[in-house]
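Colleague: Predicted model and sequence follow; I will ask about them next.
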Amino acid sequence: MRALDCLVPAPRLRELDELEIPAPLVHVWEALREGELAPAPLVRALFALRTLPEGTAGTEPAPASLRIDTLHSTPARPGFQLLVELPRRELAVGAIGQVWKAQLPFVHVADADAFAAYAEAGFVKVAWALQVEALRPEATRVALELRVDATDEAAWSAFSHYFLVIGPASRFIRRAALSALAHKLANAQRGRRELVLPGDELLADAQAEITHEISIQATPARIWPWLVQMGCDRAGFYGLDALDHAGARSARELRPEWQKLEVGQTVKVTPDGRAQLEVLQLDAPHTLVLGGLFDTKQPGTLRFTQARPEAFWHVTWTFSLRSESTSSTRVYVRARAAFSAHSALHAAWIRPVHWLMEKVQLQNLRARAEGTLARDDTRDVIDGAFGGIRIALELLAPFRRSKQVHWGLDATVAQAKFPGDERVGTPDWSWTHAIEVDANAAQVWPWVAQLGANRAGFYSYQWLENLAGSDIRNANEIHPEWQVRLGDAFFLHPKARPLEVVAMEPGRWFLVYGGSRGTEHAAKRPWACMSWLFAVEQTGPGHCRVISRFRCTVSRHVLSQLLFGPRLMQPIGFAMDRRMLLGIRERAEHQRALQLG
């Protein structure tokens, strides 16, 4: 058992950073225990971050260094302190306080047991540990793990908002500190150059080389499927999607149709397919070597073994997976390049860009292989924030209601009869929304047919739905096992009574319905009846229209009107339904473009 398992056994926040250092364990431990844990600029930045977002007025200057021996807590000056030390294995440091406040009110505790037992409301318990493990006689893994828990929900809420602001910078500082430690302990760059990887021999005259590595708590067989499905025409590259995937989100799931990869096959590295990488070596589940030869004066990609043109860029990209234990794998990634004098400037600026993108790719690869990928990422939060703004605007603009009810459709068409209208014959309120999609109905239907909180989500503002406890992850792939069937339960929220799929015409439409019970009518309790039609209509060659038609009638009970009445639910429903239809179109048209490309 590790020290943090005793100090914070059930953390609400856990983050882990690891780095392999080419130095013996004894030397690494000495540097951690006795030396500087981070350069002075990083230390000052770390302590400055702690006072955000309330300002720094009245705070003491940040210390010039961060050393284990300087971390003491006393009743007069409470703060971070060394709680556990297991020589040549682990150091654990912790503090209890209200870290979101500028003045940083800490609580002093006597020892590790007192830290673990502390339960007074209004505080968070922050602990971090440095753990070392000998991988080989001349290689040591250093892990920096952060854990946070709170003594009550109010404290956790305050910390969560605080960490939303400082979290990204805090992660950068921790990782930078580990990297600085690696460089200080041993010449890590020299160690990496001496490491021979598959594919090095394919580009013997390489003028530039960058190597990254990471430990992943998964076997090579679990990591491998994520690697073989990479490509702009496949799963993306798990990196900075805005730069290497045309803004499309990299896959968060394994796709069977992308698991076949052979030597000689090419994968796109740009959306238009002008740049491609060739599979040069493949030894599942341990080695994947991609490469490409590019004429910088002509578009397209040459075969890797062709004669180099006058102005060229010749590259290899190696992924090497080496087992560290029965459940851990060290992943090495190396990019090598040879280039003509014409490309020297390009090589100079692309190096730091590639370094950053590779770091992000490996972190995201680890999250996918370990199953720790965050449900809502930055894109979801930003999208949800804009969705919240739209909902607020719609709530403040009741004069727009008449147009909201038939968004995307002519009013006359929206008033026509649709399948299932008889279920709620005279609705108190309703909408009929539609969107045109540049794809055939047969291509769009599978996206519509897997809707539901218990299946593919609603392709809407995922972050907002999850704030309401929906536990949704919008699918970006088609799942045959989720395709709708007559009689299925259709969940709007995991804790709400499900609707039922009461009618359908496969490939064209399905209808869900939920009605009040007779006892609710008789007892004059709140009740509501609602139907929701999802339809796909072919409107022309390569074009179709998706229709969402919702009809609802509610009792006059105040609670019914509040929860299901039009004053609140119609503008919210419009914003969410509009985003759902846009999400269906984005997915269907992206899939069609991949199939045509």
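Modeller: Perfect, thanks for sending it. Residues are numbered from 1 along each chain as shown.
Colleague: use CA for all of it now, contacts and neighbours both
Modeller: Fine.
Colleague: Residue 92 contacts residue 80, correct?
Modeller: No: counting by C-alpha atoms under 8 Å, residue 92 sits too far from residue 80 to count as a contact (10.3 Å).
Colleague: At which residues are the helices of the stretch 251-400 of the chain located?
Modeller: Assigned by DSSP state H, counting those that start in this stretch, the helices in the stretch 251-400 of the chain fall at 344-370, 378-395.
Colleague: Between the ones you listed, which one is closest to residue 85.
Modeller: Shortest distance between residue 85 and the helices of the stretch 251-400 of the chain, using C-alpha to C-alpha, is found for helix 344-370: 28.2 Å.
Colleague: How about the contacts made by residue 530?
Modeller: 423, 424, 513, 514, 515, 550, 551, 552, 553 (C-alpha atoms under 8 Å, 6 or more residues apart in numbering).
Colleague: So for the fifth one, what's the nearest residue that isn't a sequence neighbour?
Modeller: Spatial nearest neighbour of residue 515, excluding adjacent residues (C-alpha to C-alpha, 6 or more residues apart in numbering): residue 529 at 4.3 Å.
Colleague: Helices - which of the contacts of residue 530 land there?
Modeller: Using DSSP state H, no member of these falls in helices.
Colleague: Out of the residues you listed, which comes closest to residue 231?
Modeller: Distance ranking of the contacts of residue 530 against residue 231, using C-alpha to C-alpha, places residue 550 first at 39.3 Å.
Colleague: Tell me the spacing between that closest one and residue 514.
Modeller: Separation of residue 550 from residue 514 (C-alpha to C-alpha, to the nearest Å) stands at 12 Å.
Colleague: Identify the contacts common to the two.
Modeller: Taking C-alpha under 8 Å, 6+ apart as the contact criterion, the common neighbours of residue 550 and residue 514 are 530, 531.
Colleague: Centre-most residue in the chain?
Modeller: residue 377 (4.1 Å; C-alpha atoms, centre = their mean).
Colleague: circling back to that earlier point, in the contacts of residue 530, which has the lowest confidence score?
Modeller: When the contacts of residue 530 are compared on pLDDT, residue 515 comes out least confident, at 80.
Colleague: Identify the residue spatially nearest to residue 331, adjacent ones excluded.
Modeller: residue 321 (4.7 Å).
Colleague: ok, how many other residues are close to the residue nearest to residue 139 when sequence neighbours are not counted?
Modeller: Nearest-residue entry for residue 139: residue 22, 4.3 Å, with adjacent residues in sequence omitted and distances by C-alpha to C-alpha, 6+ apart. The local packing of residue 22 (other C-alpha atoms under 10 Å) involves 24 other residues.
Colleague: Can you report phi and psi for residue 22?
Modeller: Geometry field for residue 22 lists phi and psi as phi -80, psi 70, criterion degrees, to the nearest 10.
Colleague: Please tell me how far it sits from residue 179.
Modeller: Relative to residue 179, residue 22 is positioned 12 Å away (criterion: C-alpha to C-alpha).
Colleague: next one: residue 164
Modeller: For residue 164, the distance to residue 179 (C-alpha to C-alpha) stands at 24 Å.
Colleague: Over to residue 338?
Modeller: Taking C-alpha to C-alpha as the measure, residue 338 falls 27 Å from residue 179.
Colleague: Which helix runs longest in this structure?
Modeller: helix 153-185.
Colleague: before we move on, back to that, could the contacts of residue 530 be laid out in CSV, adding distance to residue 156?
Modeller: Output for those, formatted as CSV (distance: C-alpha to C-alpha, whole Å):
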residue, distance to residue 156
423, 45
424, 44
513, 39
514, 37
515, 39
550, 38
551, 40
552, 38
553, 40
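Colleague: right, and out of those residues, which lies closest to residue 256?
Modeller: residue 513 (34.2 Å).
Colleague: show me what contacts the closest residue to the closest one other than its chain neighbours?
Modeller: Counting by C-alpha to C-alpha, 6+ apart, residue 531 is the residue found nearest to residue 513 once chain neighbours are left out, at 4.4 Å. Taking C-alpha under 8 Å, 6+ apart, we find residue 531 in contact with 420, 421, 423, 424, 511, 512, 513, 514, 550, 551, 552.
Colleague: Let me have the residues you listed in a markdown table, extended by neighbour count.
Modeller: Listed next are those as a markdown table, based on neighbours: other C-alpha atoms under 10 Å:
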| residue | neighbour count |
| --- | --- |
| 420 | 20 |
| 421 | 18 |
| 423 | 20 |
| 424 | 20 |
| 511 | 24 |
| 512 | 25 |
| 513 | 23 |
| 514 | 20 |
| 550 | 24 |
| 551 | 22 |
| 552 | 24 |
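Colleague: okay, now the domains of the chain?
Modeller: Segmentation of the chain into domains, based on automatic domain parsing, reads 3-187, 195-370, 378-596.
Colleague: Span of the longest one from start to end?
Modeller: By that I understand domain 378-596. Here the two ends of domain 378-596 are set 30 Å apart, with distance taken as C-alpha to C-alpha.
Colleague: before we move on, back to that, export the helices of the stretch 251-400 of the chain to a markdown table and tack on mean pLDDT and distance to residue 1?
Modeller: Listed next are the helices of the stretch 251-400 of the chain as a markdown table, based on pLDDT from 0 to 100; distance: least, C-alpha to C-alpha, whole Å:
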| stretch | mean pLDDT | distance to residue 1 |
| --- | --- | --- |
| helix 344-370 | 89 | 20 |
| helix 378-395 | 89 | 33 |
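Colleague: Save the ones you listed as TSV, and put in distance to residue 33 and mean neighbour count too.
Modeller: Formatted as TSV, these follow (distance: least, C-alpha to C-alpha, whole Å; neighbours: other C-alpha atoms under 10 Å):
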stretch	distance to residue 33	mean neighbour count
helix 344-370	27	16
helix 378-395	36	16
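Colleague: Stretch 554-574: end-to-end distance?
Modeller: For stretch 554-574, the end-to-end distance is 18 Å (C-alpha to C-alpha).
Colleague: Pull the distance from it to the chain's centre.
Modeller: When C-alpha coordinates are averaged (C-alpha atoms, centre = their mean, to the nearest Å), stretch 554-574 and its chain have centres 34 Å apart.
Colleague: Return the set of buried residues in it.
Modeller: Neighbour-count burial for stretch 554-574 flags 554-555, 560-561, 564-566, 569-574 (criterion: 16 or more other C-alpha atoms under 10 Å).
Colleague: circling back: have a look at residue 338 and residue 179 and say which one is more surrounded.
Modeller: The neighbour count for residue 338 versus residue 179, taken as other C-alpha under 10 Å, is higher for residue 338 (21 against 17).
Colleague: Quick check: the more buried one vs residue 276, distance?
Modeller: Here residue 338 is placed at a distance of 17 Å from residue 276 (C-alpha to C-alpha).
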